[in-house]
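Colleague: Test case, fold it:
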Amino acid sequence: MKNNLLLNEPLVDWRFLDDLPQRRRRPAWVTNEPIACVGAWETLFHRRRTGQAQVNDEELYAYEHTEKFVKEVLGVGATALITAYDKNYFVDEEEFALKKQLAAHCKRHGLKLGVYLRADQIYSETFADRLQREDLLARDARGQATAYGNQEWRKNVCFHKPNNLAAFKASIRRAITELGVDLLHLDGFEVGGTETVNACRCDACRRDFTAFLQRRWGDDPRACKRRFGHTHLEGIEPPGLSAVPSIPSGRVVDPVWQEWIRFRCTWTARVGRLVSEHAHALNPNVAILGNNALAVRENAALLCGYDSDSYCRHVDIMCNEDGFHAHLDDAGRVIQRARQHKLATGAFLFNYMHNPALPARDLRRQMAHAAAFNAGRVTCLGHAPGCYADFRLAGDVKRRFLDWLHRHWEHYQNLETIADVTVWREARAMALAEPLTYATAMQCEQLLIEDRTPLHIVAGDWPADTRVLVLPDLAFLDDAQCDRVTKFVQAGGNLLVIGQTSTLDGWGRRRGDFGLRPVLPDAVRMPGLVFDQHAAHANDPIAAGQAALGDKLHWARHQVGAGRVVYIPELVAPSTQPSLLNADHTYNFGLDLTNWRVPERADELRKALAWLLGGRPTFAVRAKRGVLANYYRQRDTGRLYAHLVNLHEKPVGRITVGVAAEEKTFRASVLTPDRDAARKLTCRASGERGTVTLENLDVYAVIVIETANGRQ
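Modeller: A predicted model of the protein is given here:
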């Protein structure tokens with residue numbers, strides 16, 4: 001029985017959180033109010049220690065705590081300010097006095113106040129005595145303390161050591177009780193560091209990993225032996241101690257690596273709940289902004305020990321600091337953050353809106369993109385002039401957009417995403433996947449984004465309104481998951497299966513046949529051990545390689561009751577993918593755009609998706625490539641929304657929006673912050689479809705559609 005339970009379990013072992021309360025809910029102001037903030041979150045001592053101070057740094061820092069500063073923040077339309085507070089556990093008491101002054105100004109003028117905390121490192125220079133007395137530091141496989149990049153005085157700490165969590169909670173308590181803050185900005189909110197760079201392998205990590213294994217496997221020797229080949233759990237060490245590279249570069253099939261990933265993700269979830277419940281107990285209206293670098297091309301579970309689904313259960317806003325700001329690049333690639341917004345399940349996404357080096361149109365585009373994909377939350381408008389880019393630059397552009405947003409806020413409330421197609425980035429399957437799985441997911445998603453298909457991307461449960469479920473080469477699927485997908489199809493759902501999906505069970509053991517065999521065509525065969533078909537039976541002039549491996553070029557269609565299935569043997573060729581490792585075997589986190597493209601056989605994929613949807617998407621937008629769309633349904637009114645964002649440098653003309661709507665009950669209107677945009681719509685209903693034509697789109701428009709059946 002236990003063997004079966006552990007075989008079919010999720011990525012995070014939630015039993016290790018059973019001793020913790022789970023009372024916290026998202027504060028009402030986060031879900032009901034606009035979020036637009038200004039940052040001033042580097043402490044004065046940190047600016048000086050890093051060599052980034054200015055000649056008038058005291059004057060600039062003092063200004064960041066004045067009533068004038070608060071009024072200017074409000075003047076650009078911001079609703080929140082995030083100020084410096086605790087950098088690596090050091091709080092300068094002279095600076096803290098200024099924080100109390102600032103808190104009073106914010107309260108007087110109705111500005112939400114957040115504070116910045118970074119708790120994954122400690123200032124070794126200011127805590128030298130404490131570090132001699134207490135064991136706090138993270139240590140790599142060689143036993144050496146690690147630091148934040150080349151800032152060697154910022155030593156990484158390990159949250160498997162209780163004193164670090166105690167100090168973290170004490171800092172949170174002080175911010176909430178003494179400053180009365182509305183928001184905690186928890187930067188570097190991760191547990192265990194980054195594999196290949198500074199991942200912790202200290203004695204505390206090792207002890208907790210052994211305890212983790214013993215609790216999971218120690219009471220069932222038979223299951224333990226089936227999992228590891230033996231029952232000597234006390235002898236199992238964390239992986240990555242001496243191998244080069246120190247992480248698996250393909251599928252993660254080593255059971256100890258699998259358990260280590262699960263251990264790290266579980267511990268991150270545990271720390272997340274500890275911290276969020278601690279804040280809730282002090283003040284349930286305090287929101288949490290967490291920063292653990294939301295990843296779309298990287299295996300975050302393997303590298304950083306978290307998955308977005310469980311992480312976003314404990315934060316209200318997920319910080320994102322990637323370089324994929326919305327634009328068309330010089331090569332014509334459609335760069336955007338649609339994936340990131342959709343992966344931050346249940347939370348809003350935090351992005352930087354303004355690069356002063358770019359024209360004002362880019363600022364308008366970033367705010368529009370955030371409003372469209374982040375339900376109106378445009379997040380960071382800039383920073384105090386003594387910190388980073390001055391928030392006052394292009395202040396009139398920011399204020400004009402945010403004023404418009406406030407006037408139309410009713411249309412950003414109580415929304416749910418419309419998802420004709422859901423790409424299932426199942427958390428455990430992705431945590432153990434080879435890089436090709438990520439490439440497959442990204443290229444499939446890119447086509448759906450560029451084609452403006454109603455789309456959702458999930459790591460957990462797929463939305464109830466999903467009509468097509470995409471499985472992007474998810475080799476690791478357990479029996480329970482395969483059964484759930486099978487029932488989805490048998491109930492009339494449609495399925496796009498790619499590559500080696502379901503060829504392995506939840507532990508990565510190879511099946512004799514697809515786990516999804518009940519819904520796959522008989523002609524679809526399990527991939528052989530030889531990857532390239534021309535190499536199969538190379539020394540046998542009689543046996544055909546294609547017969548041994550199946551035809552990679554043939555895409556099979558299959559009807560299963562009311563459901564439809566398309567099987568694609570291979571969407572992305574492995575030879576097109578670059579190495580993910582640098583020459584020194586560290587992970588390459590550089591800006592890589594390899595998979596910001598549609599697949600080679602994009603037209604065939606479009607036809608397959610159209611067949612799966614029966615040619616009847618909920619929304620179908622015809623527009624120039626480079627126009628993005630995102631769709632919502634308002635729960636209480638039944639209104640439908642099509643948010644349109646133009647990535648081009650000039651307006652585009654004549655956009656048609658087709659929508660499922662009943663004849664004679666179809667009404668549409670347009671909302672736009674663009675000054676010179678055409679606001680005239682042409683509406684036409686025919687049968688069960690309605691068509692709205694917008695003659696001109698400058699940067700951003702929202703098509704509002706009301707139908708009689710939407711109010712049922």
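Colleague: What sits closest to residue 114 if chain neighbours are left out?
Modeller: residue 183 (3.2 Å; CB to CB, 6 or more residues apart in numbering). No exception for glycine: its C-beta is placed from N, CA and C like everyone else's.
Colleague: Need the single longest helix in the chain, by residues.
Modeller: helix 255-282 (DSSP state H).
Colleague: mind listing what's buried in it?
Modeller: If you call a residue buried by 16 or more other CB atoms under 10 Å, then helix 255-282 has these buried ones: 255-280.
Colleague: quick one on the thing from earlier: would you check how far apart the residue nearest to residue 114 and residue 259 are?
Modeller: 36 Å (CB to CB, to the nearest Å).
Colleague: For residue 342, list the residues it contacts.
Modeller: Contacts for residue 342 (CB atoms under 8 Å, 6 or more residues apart in numbering) come out as 373, 417, 455-458.
Colleague: Now pLDDT and distance to residue 11 too, for the residues you listed, in a markdown table please.
Modeller: Shown next, in a markdown table, are those (pLDDT from 0 to 100; distance: CB to CB, whole Å):
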| residue | pLDDT | distance to residue 11 |
| --- | --- | --- |
| 373 | 97 | 25 |
| 417 | 94 | 23 |
| 455 | 97 | 23 |
| 456 | 95 | 19 |
| 457 | 97 | 16 |
| 458 | 96 | 13 |
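Colleague: What about these, which one has the most neighbours?
Modeller: With neighbours defined as other CB atoms under 10 Å, the most crowded of the contacts of residue 342 is residue 457; it has 27 neighbours.
Colleague: show me the contacts for that one.
Modeller: Counting by CB under 8 Å, 6+ apart, residue 457 has contacts 339, 342-343, 422-423, 425, 445.
Colleague: try 6 Å this time
Modeller: The contact partners of residue 457, taken as CB atoms under 6 Å, 6 or more residues apart in numbering, are 339, 342-343, 423.
Colleague: Now tabulate those residues in TSV and tack on distance to residue 362, secondary structure and pLDDT.
Modeller: Output for those, formatted as TSV (distance: CB to CB, whole Å; DSSP: H, G, I helix; E, B strand; the rest coil; pLDDT from 0 to 100):
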residue	distance to residue 362	secondary structure	pLDDT
339	20	helix	96
342	23	helix	94
343	24	helix	93
423	28	strand	98
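Colleague: so what secondary structure elements neighbour the longest helix of the chain?
Modeller: helix 162-179, helix 300-304 (3 or more CB pairs under 6 Å, 6 or more residues apart in numbering; DSSP states H and E).
Colleague: what's the spacing between the shortest one and its chain's center?
Modeller: When you say that, I think you mean helix 300-304. 13 Å (CA atoms, centre = their mean, to the nearest Å).
Colleague: any idea of the mean pLDDT in that helix?
Modeller: Taken as a whole, helix 300-304 has an average pLDDT of 96.
Colleague: Could you check the pLDDT of residue 4?
Modeller: For residue 4, pLDDT reads 62.
Colleague: show me what contacts residue 231?
Modeller: Contacts of residue 231 (CB under 6 Å, 6+ apart): 221, 224-225.
Colleague: same question, residue 241
Modeller: residue 141.
Colleague: now residue 228: how far from residue 219?
Modeller: For residue 228 relative to residue 219 (CB to CB), the value is 15 Å.
Colleague: who's more crowded, those two?
Modeller: Set residue 228 next to residue 219 and count neighbours by other CB under 10 Å: residue 228 wins out with 17 against 10.
Colleague: Which pair of the contacts of residue 457 spans the longest distance?
Modeller: Farthest-apart pair in the contacts of residue 457 is 343 and 423; separation 9.9 Å (CB to CB).
Colleague: sorry, back to before: give me the pLDDT value at the residue nearest to residue 114.
Modeller: 98.
Colleague: Pull the number of nearby residues for it.
Modeller: 27.
Colleague: now the one 10 residues further on
Modeller: With neighbours defined by other CB under 10 Å, the count for residue 193 comes to 25.
Colleague: okay, now the nearest residue to residue 259 once chain neighbours are set aside: neighbour count?
Modeller: Counting by CB to CB, 6+ apart, residue 213 is the residue found nearest to residue 259 once chain neighbours are left out, at 6.3 Å. Applying other CB under 10 Å, we find 20 residues neighbouring residue 213.
Colleague: pretty sure residue 213 contacts residue 233?
Modeller: Yes - at 4.7 Å, residue 213 counts as touching residue 233 under the criterion of CB atoms under 6 Å.
Colleague: Just say helix, strand or coil for residue 38.
Modeller: Using DSSP: H, G, I helix; E, B strand; the rest coil, the structure places residue 38 in strand.
Colleague: show me the contacts for it.
Modeller: 73, 78, 81, 381, 391.
Colleague: for stretch 318-330, what is the average pLDDT?
Modeller: 93.
Colleague: ugh, typo on my part, it should be stretch 494-503
Modeller: Rounded mean pLDDT across stretch 494-503 is 98.
Colleague: Provide the contact partners of that stretch at residue level.
Modeller: Contacts for stretch 494-503 (CB under 6 Å, 6+ apart): 440, 468-475, 477, 482, 489, 511, 514-516, 527, 563-568, 570-571, 612.
Colleague: Over to stretch 94-102?
Modeller: Defining contact as CB under 6 Å, 6+ apart, one finds that stretch 94-102 is touched by 65, 83, 179.
Colleague: Buried among those residues? Need that as a selection in PyMOL.
Modeller: To isolate the buried ones among the contacts of stretch 94-102 in PyMOL, judged by 16+ other CB under 10 Å, type:
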select buried, resi 65+83+179
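Colleague: Could you provide the contacts of stretch 94-102 in JSON lines, with additional columns for distance to residue 430?
Modeller: Formatted as JSON lines, the contacts of stretch 94-102 follow (distance: CB to CB, whole Å):
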{"residue": "65", "distance to residue 430": "44"}
{"residue": "83", "distance to residue 430": "36"}
{"residue": "179", "distance to residue 430": "39"}
